[in-house]
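*Asks:* Dropping a prediction and its sequence here:
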Amino acid sequence: MSLDYENDGVFHEKLIEEVLSQYPGKAAKRRKNHLSVATGGEDGSETGEVLSECDVKSNIKSIPGVMTIRGCAYAGSKGVVWGPIKDMVHISHGPVGCGHYSWSQRRNYYVGTTGIDTFVTMQFTSDFQEKDIVFGGDKKLEKIIDELEELFPLNNGITIQSECPIGLIGDDIEAVSRKKAKEHETKIVPVRCEGFRGVSQSLGHHIANDSIRDWVFDEANADFEPGPCDVNVVGDYNIGGDAWATRILLEEVGLRVVGNWSGDATLAEVERAPKAKLNLIHCYRSMNYICRHMEEKYGIPWMEYNFFGPSQIEASLRKIAEHFGPAIVDKTEAVIAKYRPLVDAVIDKYRPRLEGKTVMLYVGGLRPRHVITAYEDLGMVIVGTGYEFAHNDDYQRTGHYVKKGTLIYDDVTGYELEKFIERIRPDLVGSGIKEKYPVQKLGIPFRQMHSWDYSGPYHGYDGFAIFARDMDLAVNSPIWDLYEAPWKKKAMEPDAVAAE
């Protein structure tokens, strides 16, 4: 259901020149490589061909002094990969601030009793003080682990998420982990995700993947019996219930989801991952490393899937079904047919209200490309998109989604994004919480596309109905007609003066 349109590439090129002209020469030269306009490619995203080329540099250090929207390696490990694993205690090892200010922001839904057998929304910190920096924190870490095992005996493991000071002072968290794991007969995983590592949260994803490879895999899981249609859903963090929506569809077509990590995941699901028949990767950027490792070591193939919007849901389900043979293919077609009336009803209701509305996106992970077709299913037009921490292969994949002339921006600065929005004046912006209120103050509707603005799920057919409703509520809210910019207001009549 991909729309046939082309954006105004000439205007977008001029806009890039305008923005760069405000920088000093050296900064402008560096930022120029991160801003581009998609050029034409071969038509036909559904056949795997490239719609456009997105030629920008990425995964490079941000320029000091600009307002970047990136996170750090700690955020990528604790906040994204490890944090949603619900039956483990995740220690933010270092000063209190890192854990406190990132506490429970991503809406990783889970089932369980918090503080008893699940701990996702709890904050555990070693609360480093000056004396810990001077004398080291290994003894303090040992004491914390002892206390956690006493206070929360039903936890199934612990991770140690290192903050910046741990790497700077050289604490041996690996030795502490081995010692205490043996003493308490439990799983303890040290993660060297100090925030200063790498250029963004992306390295934190990689480090977390490597810690799973080194400290979790190859553990005996004798109680688990693999089946012929077992799959792992990898890189779905269950934002607003997305992973549950995904599981429903996969199980309807006859597959068994044996691992749904790390959203609503348990340690056991991660441990038994190498026994599955296929890895389905949702967030390629954060989890492709472990999928490649499982393919190389265990021979498990992997494929990306996209459950945003009916066009991509159908294409993904059919691609997955082909891997398992005719029986699953037949069930898949029946499931697609089952949901077709729902899809038609949603599109009939919302497409007339959203047709032709323009959208700009700036998010992390996979959303700058994966949600594009969901908007297009509603008749909306993507005029600009970009990533906070993408690599080159992310932009190559984006070429399968965006149309010629689309404005592309990598690690966009606060100034650049504001100017792009001011000049393009899209009907909707989808980005993060830091961008939400400045955009709304510009008089432009906004949706928070990191955590669905406290809504969701957006995956699956039911999720598409929620997505369509939320976009309509944002774009067509009457609030935008209730105020004017100060410079457009009519001069007020002078107050009447009483006659003397």
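*Replies:* On my side now, so go ahead.

*Asks:* Low-confidence ranges, the stretch 101-250 of the chain, go.
*Replies:* Applying pLDDT under 70 to the stretch 101-250 of the chain flags the ranges 219-222.

*Asks:* So which residues of it form strands?
*Replies:* 124-125, 158-162, 188-191, 230-236 (DSSP state E, counting those that start in this stretch).

*Asks:* Need those strands in CSV (columns: distance to residue 302 and mean neighbour count).
*Replies:* Using the backbone N, CA and C atoms, a C-beta is placed for each residue, glycine as well. Formatted as CSV, the strands of the stretch 101-250 of the chain follow (distance: least, CB to CB, whole Å; neighbours: other CB atoms under 10 Å):
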stretch, distance to residue 302, mean neighbour count
strand 124-125, 32, 19
strand 158-162, 24, 28
strand 188-191, 23, 26
strand 230-236, 8, 26
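
*Asks:* mind listing the strands for the stretch 401-500 of the chain?
*Replies:* Under DSSP E, counting those that start in this stretch, the stretch 401-500 of the chain gives strands at 407-410, 428-431, 446-448.

*Asks:* what's the shortest one packed up against?
*Replies:* Identification of packing neighbours for strand 446-448 by 3 or more CB pairs under 8 Å, 6 or more residues apart in numbering; DSSP states H and E yields strand 428-431, helix 433-441, helix 460-475.

*Asks:* Looking at these, spot the one closest to residue 231.
*Replies:* For those, proximity to residue 231 was assessed by CB to CB; helix 460-475 is nearest, at 15.6 Å.

*Asks:* thinking again about what came up before, between the helices and strands packed on strand 446-448, which one is nearest to residue 267?
*Replies:* Nearest of these (CB to CB): helix 460-475, 26.2 Å.

*Asks:* Buried residues of the closest one, list them for me.
*Replies:* For helix 460-475, a neighbour-count test (16 or more other CB atoms under 10 Å) marks 460-468, 470-472, 474-475 as buried.

*Asks:* got a list of what the closest residue to residue 186 other than its chain neighbours touches?
*Replies:* Distances taken as CB to CB, 6 or more residues apart in numbering put residue 157 closest to residue 186, at 5.8 Å, once the chain neighbours are dropped. For residue 157, the contacting residues are 87-89, 186-189, 267, by CB atoms under 8 Å, 6 or more residues apart in numbering.

*Asks:* Just put the buried residues of helix 460-475 in TSV and tack on pLDDT and distance to residue 254.
*Replies:* Output for the buried residues of helix 460-475, formatted as TSV (pLDDT from 0 to 100; distance: CB to CB, whole Å):
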residue	pLDDT	distance to residue 254
460	97	16
461	97	17
462	96	19
463	97	21
464	98	22
465	98	24
466	98	25
467	98	26
468	98	28
470	98	31
471	98	32
472	98	34
474	97	37
475	97	38
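
*Asks:* for those residues, which one is nearest residue 26?
*Replies:* The closest of the buried residues of helix 460-475, once distances to residue 26 are taken by CB to CB, is residue 474, at 39.0 Å.

*Asks:* Does the closest one touch residue 444 like I think?
*Replies:* No: in this structure, residue 474 is not within contact of residue 444 by CB atoms under 8 Å, at 9.8 Å.

*Asks:* shared neighbours, the two?
*Replies:* residue 428.

*Asks:* want to throw the strands of the stretch 101-250 of the chain into a markdown table with distance to residue 117?
*Replies:* Output for the strands of the stretch 101-250 of the chain, formatted as a markdown table (distance: least, CB to CB, whole Å):
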| stretch | distance to residue 117 |
| --- | --- |
| strand 124-125 | 15 |
| strand 158-162 | 14 |
| strand 188-191 | 18 |
| strand 230-236 | 21 |
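
*Asks:* Residue 17: which of these is closest?
*Replies:* Across the strands of the stretch 101-250 of the chain, closest to residue 17 is strand 230-236 (CB to CB), at 37.1 Å.

*Asks:* Show me the contact partners of the closest one.
*Replies:* With CB under 8 Å, 6+ apart, strand 230-236 has contacts from 242-243, 246-247, 250, 255-261, 263, 273, 275-284, 286-287, 290-291, 302, 320, 459.

*Asks:* residue contacts, the nearest residue to residue 217 once chain neighbours are set aside?
*Replies:* Leaving aside its chain neighbours, residue 217 sits nearest to residue 274 (6.1 Å; criterion: CB to CB, 6+ apart). With contact taken as CB under 8 Å, 6+ apart, residue 274 is in contact with 217-218, 294, 297-298, 300.

*Asks:* Show me which of these is closest to residue 450.
*Replies:* Distances from residue 450 to the contacts of residue 274, taken by CB to CB, are shortest for residue 294, at 27.3 Å.

*Asks:* before we move on, back to that, mind putting the helices and strands packed on strand 446-448 in JSON lines, distance to residue 306 included?
*Replies:* Below are those laid out as JSON lines (distance: least, CB to CB, whole Å):
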{"stretch": "strand 428-431", "distance to residue 306": "16"}
{"stretch": "helix 433-441", "distance to residue 306": "24"}
{"stretch": "helix 460-475", "distance to residue 306": "11"}
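
*Asks:* how about those, which one is nearest residue 365?
*Replies:* Of those, nearest to residue 365 by CB to CB is strand 428-431, at 12.7 Å.
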